[in-house]
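Novice: sequence? don't have it. structure:
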């Protein structure tokens, strides 16, 4: 995988201009969705020389539009606007825009360069390193995609002040995950902080530390053959919750699904490895206070188990693998968990969530 | 780019079984088109243990079906049949099947392993090394795709006896190209041979030498930043001829287009670098005798120039770059040629083709 520069700054436009100058593309194209076109693009465009007159490609906002039609639209717009193999795509948006834009760039003419500017906390903390690109397909999240890092990712907290609290919390759940993979100190710091009250620069600092956790893991295992599965913590159950919410036509933010999934992971970690109850209860309390509960009943278990079996990180269809913790910072990847244990964990999740 | 094994053999089924055993996938899926389902699959299936009961995914034959719909079909079939990230796709077919199947495999769940078994001479000589995957899109050939090599390519001449002479000649044109990139001896050997009269094992030997030319170039420049453009010899004009033939609803085989494109390249090479006339006339004679002529008039020039400008190997839209030869084996890549010279070369092409 090529080397990706990661720049943390709140001076986005000048950093973008400098970066583009170094890459010296022969054409620049900008991808936005309806939201970033309205709330972010005007500001960057007014301050940036490089993208002031660049053609803008727009896609519809929302994870349900992270699909093959939008992908084909980006490919077509790039081609029709005269993009060549030496062109550059600048993806400005949340994870949906950066994932889809990166997939489009990594496959258009077999790969052109791209810059990601994540505009949500979730995209900054989760999608900015690791090079996972993709779209939803056949009813499954990120069913197709590539591993391809951006040339440069420009991470700024200056976009977040217009975001709803829900968006901030969604990203914060991934930061909680990174803290659980690192140390009790980080975890305690995060669970005693109210994300919605942080200043821009305080958050940029927390974010830099959190992204660094992921970067370290990804560098060691870019194609997710081993260690990188650590980042799957909370995601086996989380993805199932997220898909179920979509099926109920009441989608929940990805980070919320991860927050609920983290609880299931820690319950299983306790059952399997005696993971201590204090951080488990602390997490459950924090999640319940800040995220509310994702409501499930026993009747949902069969579908949830089925959805967990479809997670692409499972090597064998039908066998459900989890990433678990022995304690905070000590990870066990690819743990096979029998269905009965998952069912028991879902019971405890419901208890903890007062369901 | 990962390391790809290249196996030349006429014992395909046993080689396939051995290879699959080494890869030990958790699921095996086979991709064919209507032709290989009928003429090739039964034979391999009857002799192979590994793929005897593997699910078979079928796509329509022909380059016009190398499209996003067929790609989506393969993705969907893989997902619906329970393929996981540890599964294996075996692509059995011509370049259309191997290009599309490889693209599907390199993106399904962000990449699963695949084996290519090219069943045409063209696919064996052109598509078997280099890792170029892709589909046609937006009216352009291979407009989207990835660079991703197969785990293993099994090359055999044992499938060719059922191929029409046209298919053999199509592949042979790429061998002519490789010879022009190598030595006068190779070129003279090929232009005094009748491909349709060769024995299986004689052809396998010629093929091995020809594929080796490409392999050497690709190893030095996997992502086509420099030297690999040598392989573009004949393709700037060739792709334009090929697209024009499609637009006329009278498609010509890729290799035929390359054969005509090689003539244009050598004419331009003579104009620019005094490339000797003897091999130019020899090639033109050989092509006219064996491939006939692709008929064009002056009225076709504007469209041909436009199509050449859209070739994805051109860095700047509107400027037409060619790969040319100073002499046989001495390549100049990325040569900018003014439109007047191209027009003059097309005039000479028509003379040489007696048009």
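Specialist: The structure has been received and is ready for your questions. Model, not experiment: these values are computed from the prediction.
Novice: residue A:29 and residue A:84 touch, don't they?
Specialist: No - Residue A:29 is beyond contact range of residue A:84, at 10.7 Å (criterion: C-beta atoms under 8 Å). Where C-beta positions appear, they are placed from N, C-alpha and C, glycine not excepted.
Novice: so which of the two has more stuff around it?
Specialist: residue A:29 (27 against 24; other C-beta atoms under 10 Å in any protein chain shown).
Novice: the more buried one - that's part of a strand, no?
Specialist: Yes - under DSSP: H, G, I helix; E, B strand; the rest coil, residue A:29 falls within a strand.
Novice: quick check: the gap between it and chain B.
Specialist: From residue A:29 across to chain B, the span is 13 Å (C-beta to the nearest C-beta, to the nearest Å).
Novice: please apply the same query to residue A:80.
Specialist: Note on residue A:80: its distance to chain B, by C-beta to the nearest C-beta, is 7 Å.
Novice: I'd say that residue and residue B:137 touch.
Specialist: No - using C-beta under 8 Å, residue A:80 is not in contact with residue B:137, being 11.4 Å away.
Novice: higher neighbour count, the two?
Specialist: Between residue A:80 and residue B:137, residue B:137 has the larger neighbour count (other C-beta under 10 Å), namely 21 against 11.
Novice: Three-state assignment for residue A:270, please.
Specialist: helix.
Novice: ok, the residue nearest to it when sequence neighbours are not counted to residue A:339 distance?
Specialist: Spatial nearest neighbour of residue A:270, excluding adjacent residues (C-beta to C-beta, 6 or more residues apart in numbering or on different chains): residue A:280 at 5.9 Å. From residue A:280 over to residue A:339 the distance is 21 Å, taken as C-beta to C-beta, to the nearest Å.
Novice: looking at these two, which is more packed in?
Specialist: Neighbour comparison, residue A:280 and residue A:339: the larger count goes to residue A:280, with 20 against 14 (by other C-beta under 10 Å).
Novice: what about the closest residue to residue A:272 other than its chain neighbours, neighbour count?
Specialist: Spatial nearest neighbour of residue A:272, chain neighbours left out: residue A:324 (6.0 Å); criterion: C-beta to C-beta, 6+ apart. Neighbourhood size, residue A:324 [other C-beta under 10 Å]: 24.
Novice: how about residue A:263?
Specialist: The burial count for residue A:263: 26, using other C-beta under 10 Å.
Novice: and it, what helix or strand is that in?
Specialist: Residue A:263 is located in helix A:254-273, with elements delineated by DSSP states H and E.
Novice: give me the distance from that helix to the chain's centre.
Specialist: With C-alpha atoms, centre = their mean, to the nearest Å as the basis, helix A:254-273 stands 17 Å off its chain's centre.
Novice: what is the mean pLDDT for it?
Specialist: Per-residue pLDDT over helix A:254-273 has a mean of 97.
Novice: and for stretch A:238-245?
Specialist: Mean predicted lDDT for stretch A:238-245 stands at 95.
Novice: for that stretch, buried residues please.
Specialist: Neighbour-count burial for stretch A:238-245 flags A:238, A:239, A:240, A:241, A:242, A:243, A:244, A:245 (criterion: 16 or more other C-beta atoms under 10 Å in any protein chain shown).
Novice: up against chain B, what does chain A have?
Specialist: Selection of chain A residues close to chain B by C-beta under 8 Å from any C-beta of the partner chain yields A:26-27, A:68, A:72, A:75-76, A:79-80, A:82, A:84-86, A:106-111, A:132-134, A:137-138, A:140, A:142-147, A:223, A:312-317.
Novice: whichever of the residues you listed end up buried, select them in ChimeraX.
Specialist: Listed next is the ChimeraX selection for buried residues among the residues of chain A next to chain B, using 16+ other C-beta under 10 Å:
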select /A:27,68,72,75,76,79,82,84,85,86,106,107,108,109,110,111,132,133,134,137,140,142,143,144,145,146,147,312,313,314,317
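Novice: so the helix or strand hosting residue A:240 versus helix A:254-273, what angle?
Specialist: Per DSSP H and E: residue A:240 is located in helix A:235-247. Orientation of helix A:235-247 against helix A:254-273 (axes from the mean of the first three to the mean of the last three C-alpha atoms, to 10 degrees) gives an angle of 140 degrees.
Novice: hmm, back to that, mind putting the buried residues of stretch A:238-245 into a markdown table with distance to residue B:7?
Specialist: Formatted as a markdown table, those follow (distance: C-beta to C-beta, whole Å):
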| residue | distance to residue B:7 |
| --- | --- |
| A:238 | 43 |
| A:239 | 39 |
| A:240 | 42 |
| A:241 | 46 |
| A:242 | 43 |
| A:243 | 41 |
| A:244 | 46 |
| A:245 | 48 |
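Novice: can you give me the strands for chain A?
Specialist: Assigned by DSSP state E, the strands in chain A fall at A:5-8, A:28-33, A:56-59, A:88-93, A:113-118, A:135-137, A:140-144, A:152-155, A:321-327, A:330-336.
Novice: of all the ones you listed, which lies closest to residue A:230?
Specialist: strand A:330-336 (4.4 Å; C-beta to C-beta).
Novice: show me what contacts the residue lying closest to residue A:43 once chain neighbours are set aside?
Specialist: Spatially, and ignoring its direct neighbours in sequence, residue A:43 is nearest to residue A:13 (7.8 Å; C-beta to C-beta, 6+ apart). Residue A:13 sits next to A:43, A:44, A:46, A:47, A:48 when contact means C-beta atoms under 8 Å, 6 or more residues apart in numbering or on different chains.
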